[in-house]
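Q: dropping a prediction and its sequence here:
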Amino acid sequence: MRPLFLVFALAGTLASSLSAAAPSWQNISTDAGRRIELDRTTLKRTGNVVEILSRVTLERELLDAQTGTPYRIIEATTRYDCATRNAKTIRRVYRQSDKETLREEMVPGVELPVRGGTLDDRVLREVCRPPKGDPLALAKAANEAAGDLQAANAAMIKNAVAADQQAVTKKVADTPEASIRPNLKAQVGASSAPLPISPPSQPASAGSLPVVKAPAGATQYAQRSSGQTRGGKAATRPANSAGYMLEVLPASVSALSGRVAWGYEGAGAPANWAQLDARNVVCASGKRQSPIDIRDGIKVDLEPIRFDYRPSTFRIVDNGHTISVNVGDSRFSLTGKTYELDDIHFHRPAEMLINGQRHEMSIHLVHRSLEGAVAVVALLLERGAEHPEIQTLWNYLPLEKNTPVQPPKVVINPGRLLPESAQYYTFMGSLTTPPCTEGVTWIVMKQPVQVSDEQIRIFSRLYRNNARPVQAANERLIKESR
């Protein structure tokens, strides 16, 4: 009986040990199809540095790029520097479920700054909160830490500005090494919101790092643009607090990310879009990217598009990437779904090719359904007669970038932009600007629309080239009206 008793005793001890070692997850945020949790039992604190295990549980599976196997959970051991507000992920584990591990890896990346307003900022605040103790001692420590943090932030900003100047001119080398951005998307409550920061009075140029001055004695923060657009339109709402999801990035990304604005030339050119922001990875890895060379389509009887475009006042802005126009109360219906007109913008030259032929310019009319589906109607522009609606827009071109003009009594009719022929091409693609989101229904009208030489020259003075290069069709189905 004695040996059997020892076996049971050892088994009980082992079970107890395994139970104690199991993670104890604390949910700190649930939004946008993901849940973010911390395991406080893993928290290790050394001075201003805190290390902790966190995880993201996804509502929908994603495919692992290395194995091709779906995963739903990403666990990451991350080290936070509470003084400099930097973070570095050390180890990451992909899991199909709590009990099924797909793979794990050590991350040889560098420390990256935690941006205010992201969930990373929320996590940092959680783990960097001082432990309970004597109030006087804590107050003294907090005062000392505040001074250290202010000095550290000043040093960080100085170093970042110097790195920015080098990053714009330095060619980014391809490397198999990877770094990780601690990313946990945020819905930060008022109690954990960062200090309010006013936007810079002038838009930042590529490679710049605007510093917003705070009141005397307060900590200063570097403010970076989110870079989010919708079909080429700069966000008209306040930038959301989306952080970076736990994704592998080339080590070279840290040299560009957050410091170089996307564009069409130089360090921000289309070839580098995926390296500028973790949210742009599909710009390089997607299989349904746009624009494409439209050829070899199947000719069928396509459903007529039911346009309901109406005259409306408009708002026009030069957003630094194109001329963007917003109108009201216009939509179209197709295949039982209605899409509201959200944005009208221009490209030179036209982004879509037709059997290898490129037109002078194009207009993209970006629509969204109530369910969030995106559909873009593309109009091809060719040299010819002056176009009255386009001339009305040119008459009110803003004098400064990012300074909208909204004439109170002038109207345009988007329906007058459409060609006489209703024939079109259609296929599935993506936005042609970062983040290159796929699942976009493209409708390219077959008949070109005429614009005058002068109207083309006017746009060319602002944007001589704002077209993304043609992307691989990857055998996608293209249908066209017969």
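A: Received it, and whenever you're ready, just let me know what you need. Numbering: from 1, shown residues only.
Q: for the chain, which segments count as helices?
A: Assigned by DSSP state H, the helices in the chain fall at 2-21, 119-127, 135-169, 253-256, 273-276, 282-285, 388-395, 453-462.
Q: give me the pLDDT value at the residue nearest to T335 when sequence neighbours are not counted.
A: For T335, ignoring the flanking residues on the chain, the nearest one in space by Cβ to Cβ, 6 or more residues apart in numbering is E303 at 6.4 Å. Quick note: C-beta positions are derived from backbone N, CA and C, even for glycine. Predicted confidence (pLDDT) for E303: 97.
Q: and what of R129?
A: pLDDT, R129: 71.
Q: and for V327?
A: So V327 comes in at 94 (pLDDT).
Q: list the contacts of stretch 394-406.
A: 203, 234, 313-320, 323, 407, 410, 455, 458-459, 462 (Cβ atoms under 8 Å, 6 or more residues apart in numbering).
Q: mind listing what's buried along it?
A: Buried residues in stretch 394-406, defined by neighbour count with 16 or more other Cβ atoms under 10 Å: 394, 404-405.
Q: kindly export it (C-alpha atoms) in PDB.
A: Presented in PDB, the C-alpha positions along stretch 394-406 are these (Å, rounded to 0.1, in the frame of the first residue of the first chain):
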ATOM      1  CA  TRP A 394     -11.600  73.100 -59.800                       C
ATOM      2  CA  ASN A 395     -13.000  76.600 -59.300                       C
ATOM      3  CA  TYR A 396     -13.100  75.900 -55.500                       C
ATOM      4  CA  LEU A 397      -9.800  74.100 -55.100                       C
ATOM      5  CA  PRO A 398      -8.400  74.800 -51.600                       C
ATOM      6  CA  LEU A 399      -5.400  77.100 -51.300                       C
ATOM      7  CA  GLU A 400      -3.800  75.000 -48.600                       C
ATOM      8  CA  LYS A 401      -3.600  71.200 -48.000                       C
ATOM      9  CA  ASN A 402      -5.900  69.800 -45.400                       C
ATOM     10  CA  THR A 403      -8.000  73.000 -45.400                       C
ATOM     11  CA  PRO A 404     -11.500  72.100 -46.700                       C
ATOM     12  CA  VAL A 405     -13.600  74.400 -48.700                       C
ATOM     13  CA  GLN A 406     -17.400  74.200 -48.600                       C
END
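Q: quick one: low-confidence ranges for this structure?
A: 1-21, 31-32, 64-66, 68, 109-110, 115-119, 121, 130-259 (pLDDT under 70).
Q: okay, now the domains of it?
A: 24-285, 293-481 (automatic domain parsing).
Q: can you give me the strands in the stretch 251-400 of the chain?
A: For the stretch 251-400 of the chain, the strands defined by DSSP state E, counting those that start in this stretch occupy 293-294, 298-300, 306-308, 312-318, 323-327, 331-334, 337-347, 353-354, 357-358, 361-368, 374-383.
Q: need these in CSV with distance to I36 and mean neighbour count, can you?
A: Converted to CSV, these look like this (distance: least, Cβ to Cβ, whole Å; neighbours: other Cβ atoms under 10 Å):
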stretch, distance to I36, mean neighbour count
strand 293-294, 42, 20
strand 298-300, 45, 10
strand 306-308, 42, 14
strand 312-318, 35, 19
strand 323-327, 34, 22
strand 331-334, 37, 18
strand 337-347, 30, 21
strand 353-354, 43, 18
strand 357-358, 45, 14
strand 361-368, 27, 24
strand 374-383, 27, 21
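Q: now render these as CSV, adding distance to Q26.
A: Formatted as CSV, the strands of the stretch 251-400 of the chain follow (distance: least, Cβ to Cβ, whole Å):
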stretch, distance to Q26
strand 293-294, 52
strand 298-300, 54
strand 306-308, 50
strand 312-318, 44
strand 323-327, 43
strand 331-334, 45
strand 337-347, 39
strand 353-354, 53
strand 357-358, 55
strand 361-368, 36
strand 374-383, 36
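Q: quick one, which of the ones you listed is nearest to I478?
A: Closest approach to I478 among the strands of the stretch 251-400 of the chain (Cβ to Cβ): strand 293-294, 6.0 Å.
Q: run through the neighbouring helices and strands of that closest one.
A: strand 353-354 (3 or more Cβ pairs under 8 Å, 6 or more residues apart in numbering; DSSP states H and E).
Q: let's see it at 10 Å
A: strand 353-354, strand 357-358, strand 424-430 (3 or more Cβ pairs under 10 Å, 6 or more residues apart in numbering; DSSP states H and E).
Q: quickly run through the sheet partners of that strand, with directions.
A: Strand 293-294 pairs in its sheet with strand 353-354 (parallel), by DSSP bridges.
Q: who's in contact with the strand it pairs with?
A: Identification of contacts with strand 353-354 by Cβ atoms under 10 Å, 6 or more residues apart in numbering yields 291-295, 297, 359, 380, 425, 444, 446, 448, 470, 480.
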